[in-house]
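Asks: The sequence and its predicted three-dimensional model are supplied below.
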Amino acid sequence: MWEMNEVQQQLRIINGKQAPELLITNATYLHSIYKKWVEGNIWISGNRIIYAGKDMPAITEGTEIVDAAGKKIVPGYIEPHVHPFLLYNAETLADYAASRGTTTFIADNLMFFLTLSNETSFTILDQFANLPYSFYWWTRFDSQTAHQREKELFKPESVAEWLKRPDIRMGGELTAWPRLVAGDSDMFTSLTAAKAAGVKIEGHFPGASDKTLARMKLLGADGDHEAMTVEEVEARLLHGYGVTLRHSSIRPDLPDLLKGLVERGHDVFDHLMMTTDGATPSFYSDGVMDKCIQVALDAGVPPIDAYQMASYNIARYYDMADLHGIIATGRYASLNILEDEYNPVPTDVLSKGNWLRRNGESSGTLGAVDWSAVPAFAPLFELEESDFRFDSPIGIEMVNDVITKPYEVTVDTTGNTLSEDHDESFVMLIDRFGEWRVNAIIKGFATKVQGLASSFSNTGDIILIGKDKREMLRAFDEMKRIRGGMVLTENGTTVATIPLPLGGGGSLEPLDILIGQQVDLVEALAARGYEYGDVVYTFLFLQSTHLPYIRITQLGLYDVMKNEVLVPFTKR
């Protein structure tokens with residue numbers, strides 16, 4: 001917040017004793033409380049709006065003056081449900097998003113929880129707090145997989161340390177909510193502590209029945225982002241949930257949801273928010289929250305409502321409206337200047353008083369985060385011939401990008417290769433420290449992928465997939481050589497690579513470069529029989545036990561519905 005000496009300087013500006021640093025004149029701006037376009041002048045000093053209204057400051061000597069005549073000004077956009085680890089990292093994603101008007105993130109902390117101590121995580125988060133961007137965070141209550149260290153990592157004492165931070169705004173998302181319903185005392189303790197700290201609890205309830213929504217509301221859930229139909233939106237609103245509508249690469253539901261709400265005449269837009277829910281890099285090629293706003297406009301949502309679903313509604317719900325979502329005195333100076341209200345891509349972006357876009361061009365980056373505290377991806381083990389045994393009679397069959405079901409393996413797995421006449425491949429999950437492995441056959445992944453290695457996964461462990469055990473080993477060795485990434489090999493050569501030097505799970509490249517790398521890999525896989533939308537989601541969710549029906553986890557092949565291990569992991 002602001003120190004006494006800063007507030008005194010701000011008061012001097014109001015009192016006519018000092019000039020503001022920035023003055024936006026002839027401003028037609030969205031006032032989020034009145035829900036109207038109002039005219040006036042916006043005075044800014046440092047990262048704060050000092051005044052917004054009809055008056056002009058008494059002193060303007062040395063002030064940067066911007067004439068906004070003919071433009072429309074809206075609050076900086078807020079992305080309320082960010083998973084900042086889909087190959088990108090929080091810094092590179094925010095840098096890209098800021099150039100299109102998204103100036104605030106509420107972001108997942110799962111990768112911090114799984115890979116770093118709380119103390120180390122907090123040193124990184126403190127760096128984010130000093131950037132000209134607004135970062136807020138979740139605290140998780142579970143790993144969303146069957147993790148060997150689940151109880152240790154997510155014990156209430158550890159969660160409580162996160163809840164002491166003022167930048168924590170969300171608890172969850174509740175991917176392991178069945179454990180909560182079943183009486184998991186640790187999760188209930190953490191959830192109760194989060195509620196006491198004023199943190200919103202976000203659900204993860206795809207396809208939930210009316211009674212399940214009621215049960216979870218009684219247990220403390222405040223909101224949910226998993227509605228896939230208009231009827232599911234209506235059910236969540238009926239039970240008093242904060243409803244965030246999703247538009248992501250795996251679930252681009254927003255157009256149909258909004259069109260349905262408009263057609264049914266529901267005047268509920270004040271109670272709705274929007275999110276891209278951790279989309280893969282290429283999904284962002286045409287925007288972030290500006291993209292969601294455009295979808296809303298195209299669906300017939302009134303412009304003011306469309307902008308408020310990506311700003312004020314979120315700020316109000318997460319108790320941040322004293323700083324965000326309103327162009328008014330005392331708030332952060334984060335705002336977007338538009339050509340008109342029907343084009344949400346700003347010509348100019350101001351974030352915490354810093355110009356990040358001017359006259360349609362990016363005018364700077366957010367700055368640099370020191371990632372050296374994140375351990376390098378440097379496995380010290382080698383794979384042996386004995387590791388490539390695939391004798392489990394139970395395999396994994398892909399239904400789509402992320403849904404898998406068990407099936408009976410009938411192909412001969414004793415040789416070095418599998419035929420390209422069918423869609424069955426070898427799959428391995430290997431501990432990043434080399435202590436254990438889980439081997440299986442995966443059906444439906446591809447027909448001609450020889451070797452594919454990834455250090456990107458839900459837990460940071462290593463996934464290998466392929467038809468050829470030797471090429472899988474080659475991909476693994478290349479992935480080690482580049483210190484983490486996704487590597488596709490074939491006939492002794494590397495076909496496509498996404499380097500992920502940030503702990504083996506994150507790129508340090510600007511998002512536009514990462515988008516190109518992802519597109520190259522996806523196209524190469526598609527040419528080799530991968531028929532689904534995006535392999536990034538396949539690798540992320542292959543271990544995720546909040547999705548049916550079978551997962552490959554640190555405990556082994558896991559039956560989600562029965563909550564049991566079908567085939568245990570193998571010690572190396």
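Replies: Done, it's in. Numbering: from 1, shown residues only.

Asks: hey, let's count contacts and neighbours off CA atoms from now on
Replies: Fine.

Asks: Run a quick neighbour tally on the nearest residue to Ile59 once chain neighbours are set aside.
Replies: Leaving aside its sequence neighbours, Ile59 sits nearest to Ala19 (CA to CA, 6 or more residues apart in numbering; 4.8 Å). By other CA atoms under 10 Å, 24 other residues sit near Ala19.

Asks: again, but for Glu119
Replies: Neighbourhood size, Glu119 [other CA under 10 Å]: 10.

Asks: The stretch 251-400 of the chain: helices as residue ranges?
Replies: 254-263, 289-298, 303-308, 312-317 (DSSP state H, counting those that start in this stretch).

Asks: any idea of the angle the first one forms with helix 289-298?
Replies: Interaxial angle, helix 254-263 versus helix 289-298 (axes from the mean of the first three to the mean of the last three CA atoms, to 10 degrees): 40 degrees.

Asks: which helices and strands does helix 254-263 pack with?
Replies: Packing partners of helix 254-263 (3 or more CA pairs under 8 Å, 6 or more residues apart in numbering; DSSP states H and E): helix 230-238, strand 242-246, helix 289-298.

Asks: and among those, the most buried is which?
Replies: Highest mean neighbour count among the helices and strands packed on helix 254-263 (mean count of other CA atoms under 10 Å): strand 242-246, with a mean of 25.

Asks: Listing partners with orientation, what would you give for that strand?
Replies: Sheet pairing of strand 242-246 (DSSP bridges) gives strand 223-224 (parallel), strand 272-275 (parallel).

Asks: hang on, the earlier thing: ok but the residue nearest to Ile59 is inside a strand, no?
Replies: No. Counting by DSSP: H, G, I helix; E, B strand; the rest coil, Ala19 is not part of a strand but coil.

Asks: so who does it touch?
Replies: Going by CA atoms under 8 Å, 6 or more residues apart in numbering, Ala19 touches 13, 57-63.

Asks: redo that, cut-off 10 Å
Replies: Each residue near Ala19 by CA atoms under 10 Å, 6 or more residues apart in numbering is listed here: 9-10, 12-13, 43-45, 57-64.

Asks: Arg149 now?
Replies: For Arg149, the contact set (CA under 10 Å, 6+ apart) comprises 114, 143, 554.

Asks: For the residues you listed, give me CSV that also has pLDDT and secondary structure.
Replies: Output for these, formatted as CSV (pLDDT from 0 to 100; DSSP: H, G, I helix; E, B strand; the rest coil):
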residue, pLDDT, secondary structure
Leu114, 93, helix
Ser143, 94, coil
Gln554, 97, coil
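
Asks: what's the closest of those to Glu3?
Replies: Nearest to Glu3, judged by CA to CA, of those is Leu114 at 35.1 Å.

Asks: So that closest one sits against Gly460, correct?
Replies: Yes. At 8.1 Å, Leu114 counts as touching Gly460 under the criterion of CA atoms under 10 Å.

Asks: what's the longest helix in the chain?
Replies: helix 511-526 (DSSP state H).

Asks: Buried residues, stretch 253-264. List them.
Replies: Residues of stretch 253-264 classed as buried under the neighbour-count rule (16 or more other CA atoms under 10 Å) are 253-262.

Asks: Equivalent analysis for stretch 466-482, please.
Replies: Neighbour counts over stretch 466-482 (16+ other CA under 10 Å) mark 466-480, 482 as buried.

Asks: How far off centre is it?
Replies: 29 Å (CA atoms, centre = their mean, to the nearest Å).

Asks: Skip the chain neighbours and tell me the closest residue to Phe388.
Replies: Spatial nearest neighbour of Phe388, excluding adjacent residues (CA to CA, 6+ apart): Lys469 at 6.9 Å.

Asks: Could you export the buried residues of stretch 253-264 to a markdown table, including columns for distance to Trp37 and pLDDT?
Replies: Putting the buried residues of stretch 253-264 into a markdown table (distance: CA to CA, whole Å; pLDDT from 0 to 100) gives the following:
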| residue | distance to Trp37 | pLDDT |
| --- | --- | --- |
| Asp253 | 29 | 96 |
| Leu254 | 26 | 98 |
| Pro255 | 26 | 97 |
| Asp256 | 28 | 97 |
| Leu257 | 27 | 98 |
| Leu258 | 23 | 98 |
| Lys259 | 25 | 97 |
| Gly260 | 27 | 97 |
| Leu261 | 24 | 97 |
| Val262 | 22 | 96 |
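
Asks: what's the host helix or strand of Leu566 packed up against?
Replies: Leu566 is located in strand 564-568, with elements delineated by DSSP states H and E. Strand 564-568 sits against strand 436-443, strand 550-553, strand 556-559, with contacts defined as 3 or more CA pairs under 10 Å, 6 or more residues apart in numbering; DSSP states H and E.

Asks: which residues in the stretch 51-200 of the chain form helices?
Replies: Using DSSP H, counting those that start in this stretch, the helices of the stretch 51-200 of the chain run over residues 90-98, 110-115, 118-129, 150-153, 156-163, 177-181, 185-196.

Asks: Pull out the buried positions in the fourth one.
Replies: It refers to helix 150-153. Residues Leu153 are the ones in helix 150-153 that count as buried (16+ other CA under 10 Å).

Asks: Touching, Asp348 and Thr102? I think so.
Replies: No. Counting by CA under 10 Å, Asp348 stays clear of Thr102, with 11.7 Å between them.

Asks: These two: who's more crowded?
Replies: Per other CA under 10 Å, whichever of Asp348 and Thr102 has more neighbours is Thr102, with 31 against 23.

Asks: Could you give the bridge partners of that one?
Replies: Beta bridges link Thr102 to Tyr77 when assigned by DSSP bridges.

Asks: What of Asp67?
Replies: Bridge pairing for Asp67 (DSSP bridges) gives the partners Thr25.

Asks: What degree of burial does Glu408 show, as a neighbour count?
Replies: Other residues lying near Glu408 total 12 when counted by other CA under 10 Å.

Asks: pLDDT value on it, please?
Replies: We have a pLDDT of 97 for Glu408.

Asks: Could you pull up the contacting residues of it?
Replies: Residues counted as contacts of Glu408 (CA under 10 Å, 6+ apart) are 392-397, 441.

Asks: mind redoing it with 8 Å?
Replies: 393-395.

Asks: Make JSON lines from these and add neighbour count, pLDDT and distance to Phe154 to it.
Replies: Formatted as JSON lines, the contacts of Glu408 follow (neighbours: other CA atoms under 10 Å; pLDDT from 0 to 100; distance: CA to CA, whole Å):
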{"residue": "Pro393", "neighbour count": "14", "pLDDT": "96", "distance to Phe154": "33"}
{"residue": "Ile394", "neighbour count": "17", "pLDDT": "97", "distance to Phe154": "31"}
{"residue": "Gly395", "neighbour count": "28", "pLDDT": "97", "distance to Phe154": "30"}
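
Asks: Which single one of the residues you listed is nearest to Phe283?
Replies: Phe283 lies nearest to Gly395 out of these, by CA to CA, at 30.9 Å.

Asks: closest one to Glu161 among the helices of the stretch 251-400 of the chain?
Replies: Smallest distance to Glu161 across these (CA to CA): 23.2 Å, for helix 312-317.

Asks: hang on, isn't Asn343 packed against Gln294?
Replies: Yes. The criterion here is CA atoms under 8 Å, and Asn343 meets it with Gln294 at 7.2 Å.

Asks: What lies in contact with whatever helix or strand Glu478 lives in?
Replies: Using DSSP H and E, Glu478 maps to helix 469-481. Under the contact criterion CA under 8 Å, 6+ apart, helix 469-481 has outside partners 377-379, 383, 388, 416-417, 426, 450-455, 464-466, 485-492, 494.

Asks: Swap in 7 Å and give it another go.
Replies: By CA atoms under 7 Å, 6 or more residues apart in numbering, the residues outside helix 469-481 that reach it are 378-379, 388, 416-417, 450-453, 464-466, 485-490.

Asks: what's the span of stretch 85-101 from first residue to last?
Replies: End-to-end distance of stretch 85-101: 20 Å, with CA to CA, to the nearest Å as the criterion.

Asks: likewise stretch 406-426?
Replies: The straight-line separation of the ends of stretch 406-426 (CA to CA) is 15 Å.

Asks: Cool, thanks, signing off.
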